[in-house]
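Asker: Pasted the sequence and its predicted model underneath.
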Amino acid sequence: MIEKGLRRFGSNLSELAAEYEERGEDPLPVYRELGAKGLAGLPFDPAYGGGGRPYREYLDLIEELARSWVALAVGIGVHTLVCDAVQRFATEETRRELLPAMLEGERFGAYALTESSSGSDAASLRTRAKRTEGGYAITGRKQFCTRGGEADHLLVMARTGGDGPKGVTAFVVDRLTPGFRPAHPERKMAWRSSPTWELVFENCHVPDERRLRSPWRPWMPAGSGSRPAPSGSPRRPATRRSATFGLSGRRGAARWSRAPSSCSPTWRPASRPAGSSTSTPPA
């Protein structure tokens, strides 16, 4: 299915990537064509318009896209994160409202978690969602959001309770919702066809049904390789090819590896000549 869906592009995918990178332009027509070929919703439930394919096929798609166009693979990956959260933790009404168009590539999602004061420490985010009649009012700013200004639906993490991770809730916000605006895209040296935005929320009202229910934890899909596969997909161990990465630097080399039965990566220094210094593990 992946080969058939990408056949139209042939060897032109790298050429398209170079053109869009040169212009610094988001490749929306390419995203839509991938969706029309059934590649925007591979591992999701057919009841909502998904392909019902094993999650491994989605990973193969991302790998194949990244060979020619990393920015495009990143955009599809972020979109998949949003669809995954909606399918798992949105109300049935919201699933049926959003997923068919998203899985067909007619609409796309973005993931708004990072802030200027909290990146990897996502549980300390400051954007707040205040309870109002019939919903919540979100106020705050998000940073480094991939396709945040182009996406139709944004998965927004905001604080509804006290400090720490238990006080954070996720919401689905439509692009045209009053109170939301993309502030400006970042200027980048690479991945220029993957726009990265600062987003502003000013008393942005979100109805109750767009609040994702617990026990979802918003930082797990964004920062963990152990994210579960979407519903209906087999939970299979990581393969050697996708789970082992070589990292090199001026002071030496290191290897990230994951045993097939493990969910968390371990850092192991590569072998070194006798008497050489030991490098610090990657952050």
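Answerer: Yep, it's here. Numbers count the residues shown, from 1 in each chain.

Asker: mind checking how far the helix or strand containing residue 137 is from the chain centre?
Answerer: Assigning secondary structure by DSSP states H and E places residue 137 in strand 135-146. Distance of strand 135-146 from the chain centroid (CA atoms, centre = their mean, to the nearest Å) equals 16 Å.

Asker: partner strands of that strand, parallel or antiparallel?
Answerer: In the sheet, strand 135-146 lines up against strand 128-132 (antiparallel), strand 196-207 (antiparallel) (DSSP bridges).

Asker: packing partners for whichever helix or strand comes after that strand?
Answerer: Per DSSP H and E, the first helix or strand lying C-terminal to strand 135-146 is strand 153-159. Applying 3 or more CB pairs under 8 Å, 6 or more residues apart in numbering; DSSP states H and E, we find strand 153-159 packed against helix 70-89, strand 109-112, strand 128-132, strand 135-146, strand 168-174, strand 196-207. Where C-beta positions appear, they are placed from N, C-alpha and C, glycine not excepted.

Asker: pLDDT below threshold where in the stretch 1-150 of the chain?
Answerer: 1-11 (pLDDT under 70).

Asker: What residues does the most centrally placed residue in the chain make contact with?
Answerer: Nearest residue to the geometric centre of the chain (CA atoms, centre = their mean): residue 78, 2.4 Å. Counting by CB atoms under 8 Å, 6 or more residues apart in numbering, residue 78 touches 109, 110, 111, 146, 147.

Asker: and what of residue 186?
Answerer: Going by CB under 8 Å, 6+ apart, residue 186 touches 144, 196, 197, 198.

Asker: which ones are touching the first one?
Answerer: Yep, that's residue 144 we're talking about. Here residue 144 is in contact with 114, 119, 186, 196, 197, 198 (CB under 8 Å, 6+ apart).

Asker: Please pick the buried ones from those residues.
Answerer: 114, 196, 197, 198 (16 or more other CB atoms under 10 Å).

Asker: Phi first, then psi, for the first one.
Answerer: Taking degrees, to the nearest 10, you get phi -60, psi 140 for the backbone angles of residue 114.

Asker: quick one: it and residue 38, what's the gap?
Answerer: Note on residue 114: its distance to residue 38, by CB to CB, to the nearest Å, is 31 Å.

Asker: can you list the contacts of residue 78 in TSV and add neighbour count?
Answerer: Formatted as TSV, those follow (neighbours: other CB atoms under 10 Å):
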residue	neighbour count
109	23
110	28
111	26
146	22
147	26
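
Asker: which of those are the two that sit furthest away from each other?
Answerer: In the contacts of residue 78, the most distant members under the criterion CB to CB are 109 and 146, with 10.1 Å between them.

Asker: ok, back up a step: quick one, which of the strands paired with strand 135-146 is packed in tightest?
Answerer: Mean neighbour counts were compared across the strands paired with strand 135-146 using mean count of other CB atoms under 10 Å; the top stretch is strand 196-207, at a mean of 19.

Asker: Domain boundaries for the protein, per the record?
Answerer: Residue ranges for each domain of the chain read 2-103, 109-223, 237-283, as given by automatic domain parsing.

Asker: Next, count neighbours for the closest residue to residue 201 other than its chain neighbours.
Answerer: Take residue 201 and drop its neighbours on the chain: the residue closest to it by CB to CB, 6 or more residues apart in numbering is residue 138, 4.5 Å away. Look at residue 138: counted by other CB atoms under 10 Å, it has 27 neighbours.

Asker: for residue 163, same thing?
Answerer: Residue 163, neighbours per other CB under 10 Å, totals 10.

Asker: For the closest residue to it other than its chain neighbours, list the residues it contacts.
Answerer: In space, residue 163 comes closest to residue 124 once its chain neighbours are excluded; the distance is 7.5 Å by CB to CB, 6+ apart. Residue 124 makes contacts with 117, 118, 163, 164, as judged by CB under 8 Å, 6+ apart.

Asker: The first one reaches residue 126, doesn't it?
Answerer: Yes. Residue 117 lies in contact with residue 126 (CB atoms under 8 Å); the separation is 6.2 Å.

Asker: So the nearest residue to residue 53 once chain neighbours are set aside versus residue 49, what's the distance?
Answerer: Distance criterion CB to CB, 6+ apart; nearest residue to residue 53, sequence neighbours excluded, is residue 42 at 4.6 Å. Here residue 42 is placed at a distance of 11 Å from residue 49 (CB to CB).
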